[in-house]
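Colleague: Any chance you can model this:
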Amino acid sequence: MLRDRLNENLKVAIRNKDQRSVCTIRLILAALKDRDICARGRGEEVNETDILNMLQSMIKQRLDSIALYEQGCRMDLAEQEQEEVEIIKSFLPHQMDRGEIESAVDSVIGEIKAAGLKDMGRVMAALRARYAGQMDFGRASQMAKARLA
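Modeller: As a prediction, the model looks like this:
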């Protein structure tokens, strides 16, 4: 389970005195705890898919920050963010490349018999359900939109 892996990696990072990993994993665990509290208030629980989506969201935030830091010539901060991205990525499953994403999009479009842009929501929902944590949904959305247009 991903929670167990996060906690175990935190212990290892603390033992190895890897400060960047310790801070990043603690950030992940804090975000996860926050989601647990919100979900508990609604009578739900956070599952693996939700955790994977959260990790992808954290990566996207850091990539946006890297771009801004590079524009501001703050390479030291951009480098720190990149290190965090690599640590977060280590908890995600294999990421699909462009060809695999295209194949998955085509497959889902065929299976649900999507005919136009009005079916875009159904396509993306099916992709998110099947490939959580494995693909860049921004890229998948662009591909699906191009095929359905």
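
Colleague: Need the contact partners of whichever strand or helix holds Glu86.
Modeller: For Glu86, the host element (DSSP states H and E) is helix 75-89. Here helix 75-89 makes contact (C-beta atoms under 8 Å, 6 or more residues apart in numbering) with 20-21, 24-25, 27-28, 55, 58-59, 62-63, 65-66, 69-70, 95. The way it works is simple: take the backbone N, C-alpha and C, and place the C-beta from them, glycine included.

Colleague: List the buried residues in that helix.
Modeller: Within helix 75-89, the residues that count as buried by 16 or more other C-beta atoms under 10 Å are Ala78, Gln80, Glu81, Gln82, Glu84, Val85, Ile87, Ile88.

Colleague: what would these look like in CSV with pLDDT?
Modeller: Shown next, in CSV, are the buried residues of helix 75-89 (pLDDT from 0 to 100):
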residue, pLDDT
Ala78, 95
Gln80, 96
Glu81, 96
Gln82, 96
Glu84, 96
Val85, 95
Ile87, 96
Ile88, 95
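
Colleague: now these in CSV, with distance to Leu32?
Modeller: Formatted as CSV, those follow (distance: C-beta to C-beta, whole Å):
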residue, distance to Leu32
Ala78, 26
Gln80, 21
Glu81, 20
Gln82, 22
Glu84, 15
Val85, 18
Ile87, 15
Ile88, 12
